[in-house]
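Asker: Predicted coordinates and the sequence they were generated for:
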Amino acid sequence: MRRPSVRALARPLAGVAAAALIPLVPAFSAAPAAAEGIVGGFPVDVTDVPWTVALSSRDRFGGTRSGQFCGGVAVGPTTVLTAAHCLEEDVLGSPPHEVPDLKVIAGRTDLRTDHGQEVAVRESWVNPGYDDVSNSGDFAVLTLAEPLPPGAVVAMAGAGDPAYAAGTAATVYGWGDVSGQGDYADVLRAASVQVLPDTLCERAYPAGGDGSYLAEAMVCAGRRLGGRDACQGDSGGPLVARGRVIGLVSWGSGCGRSGSPGVYTRISDALRKLGWDRAGHSHMAG
Ligand code: ARG
C-alpha cells in the first residue's frame, strides 16, 4: 500500500496483504520480495549516528520495544524532525499534545534496554500543509523538554546541495519492519541506498494513486533493483548523504520492491516551508 501507514504497526498483516495484491509494476512482479534489513540492511550502533532517535509512546504501542512507533532526527539540541503522518490522530489515538507519554529516545541502540535517554516532548508542530493525498509536506517539528547530549545533531542539506544529486550514496536508519511482514527490529538498522532520479519515482507513483511523487517536495531513494529500503515503523527517520540529512522516511509501495523506490520528505523543501532557510533555525514558524 502506498499510504504512509504507521497504522501497519497495529495491523501489519492487513497492510502487507494489501501491498501484495497491488501489481504496480507487472514487469517486475516476479522478482523475489526483499526480505532482510531495515529491509536489506545491517545493524548499527546508535553512538555512531547519535542524531537518529526513536519516537515512543508505551501507552499506545506497548513497552516491549520501548514504545517505539516512528523515527526522528535531531537537528538541534531540543529540536527533532519527524514525519507529519507519524503524529496523526489515527496513529496516536489523539492529537500529539494529548499524548502524555510521547517521548524521544536517544542513545538506545537496542529498544529492549534502558540505555540512553528518554526526553519528553514539550511541543509538537505538525506541518499544516501536509497533504495526505499526495503525501507532500510530510514533516513535523518536536521541541524537547530537555536538550540532547552535545553533538547529537546532524546538519541539514539546503536547496542546491549536491547531496540531492541522483546517484549519491545515502544511508537510511530505523527500528522498523525488516521483512515487510511486521517484524519490527529491536536493534537499530541501516540500509545503503542511492538517491534515484526523480523520473523513477514519477513513473512508479503517478498522480491519482494513494500518493503521488512531487520532485520539489520529495526525494526518491533506494536501489534500482530494489532489495534495500525503509519500511513501516521507519517513518520520520533520517536519510543521510555526504554527512547531511536530505530526507525523512515518508512512504512507498511495499518495501524494497523493484520498481517501487522509497519516497522521502525533501529536507530542503521542509526548510523553505519552515522559513529556516532564511533565518537559521533557532526558532520556528508557528
Ligand atoms: N509509512 C511508513 C511508516 O510510517 C514508511 C514507509 C516507507 N516505505 C518505503 N518503502 N520506503 O513507517
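Answerer: That came through fine.

Asker: Might you report the residue contacts of the closest residue to Cys255 other than its chain neighbours?
Answerer: Once flanking residues are discounted, Cys255 sits nearest to Cys231: 3.7 Å by Cβ to Cβ, 6 or more residues apart in numbering. Yep, even glycine has a C-beta here, placed from its N, CA and C like the rest. By Cβ atoms under 8 Å, 6 or more residues apart in numbering, the residues touching Cys231 are Gly37, Ile38, Val39, Gly174, Gly176, Asp177, Val178, Ser179, Gly180, Cys255, Gly256.

Asker: For Cys231, which three-state class applies?
Answerer: Here Cys231 is recorded as coil under DSSP: H, G, I helix; E, B strand; the rest coil.

Asker: Next up, the contacts around the residue of the chain found nearest the ligand.
Answerer: As assessed by Cβ to the nearest ligand atom, the ligand sits closest to Gly252 within the chain, at 2.5 Å. Counting by Cβ under 8 Å, 6+ apart, Gly252 touches Arg2, Gly222, Asp229, Ala230, Ser260, Pro261, Gly262, Val263.

Asker: Which SSE is immediately downstream of the lowest-mean-pLDDT helix or strand in the chain?
Answerer: Across the helices and strands of the chain, mean pLDDT, DSSP states H and E gives its lowest value to helix 12-21, namely a mean of 34. With elements assigned by DSSP states H and E, the helix or strand that comes after helix 12-21 is strand 42-43.

Asker: Can you tell me how far the residue nearest to Cys255 is from Gly93?
Answerer: Separation of Cys231 from Gly93 (Cβ to Cβ, to the nearest Å): 22 Å.

Asker: related to what we said a few turns ago, show me the contacts of Cys231 that map onto strands.
Answerer: Gly174 (DSSP state E).

Asker: and the stretch 101-250 of the chain, which residues reach the ligand?
Answerer: Gly176, Asp229, Ala230, Cys231, Gln232, Gly233, Asp234, Ser235, Val249 (Cβ under 6 Å from any ligand atom).

Asker: related to what we said a few turns ago, with Trp175 as the reference, measure out to the residue nearest to Cys255.
Answerer: In terms of Cβ to Cβ, Cys231 sits 10 Å off from Trp175.

Asker: before we move on, what about Gly151?
Answerer: 21 Å.

Asker: can you give me the helices in the stretch 51-200 of the chain?
Answerer: 58-61, 89-92, 198-204 (DSSP state H, counting those that start in this stretch).

Asker: Tyr184: which of these is closest?
Answerer: helix 58-61 (9.8 Å; Cβ to Cβ).

Asker: Would you mind pulling the contact partners of the closest one?
Answerer: Leu9, Ser66, Gly67, Gln68, Phe69, Leu92, Gly93, Val99, Pro100, Asp101.

Asker: Farthest pair within those residues?
Answerer: Pairwise over the contacts of helix 58-61, using Cβ to Cβ, the maximum falls at Leu9 and Pro100, 19.6 Å.

Asker: Counting neighbours, go ahead and name the busier of the two.
Answerer: Between Leu9 and Pro100, Leu9 has the larger neighbour count (other Cβ atoms under 10 Å), namely 22 against 11.

Asker: just checking, Asp183 touches Arg189?
Answerer: No. With contact defined as Cβ atoms under 8 Å, Asp183 does not count as touching Arg189 (11.2 Å).

Asker: ok, those two, which is more surrounded?
Answerer: The neighbour count for Asp183 versus Arg189, taken as other Cβ under 10 Å, is higher for Arg189 (25 against 14).

Asker: For the more buried one, which residues are in contact?
Answerer: Gly37, Ile38, Gly41, Phe42, Pro43, Val44, Tyr173, Gly174, Trp175, Val178.

Asker: That concludes my questions; thank you for your assistance.
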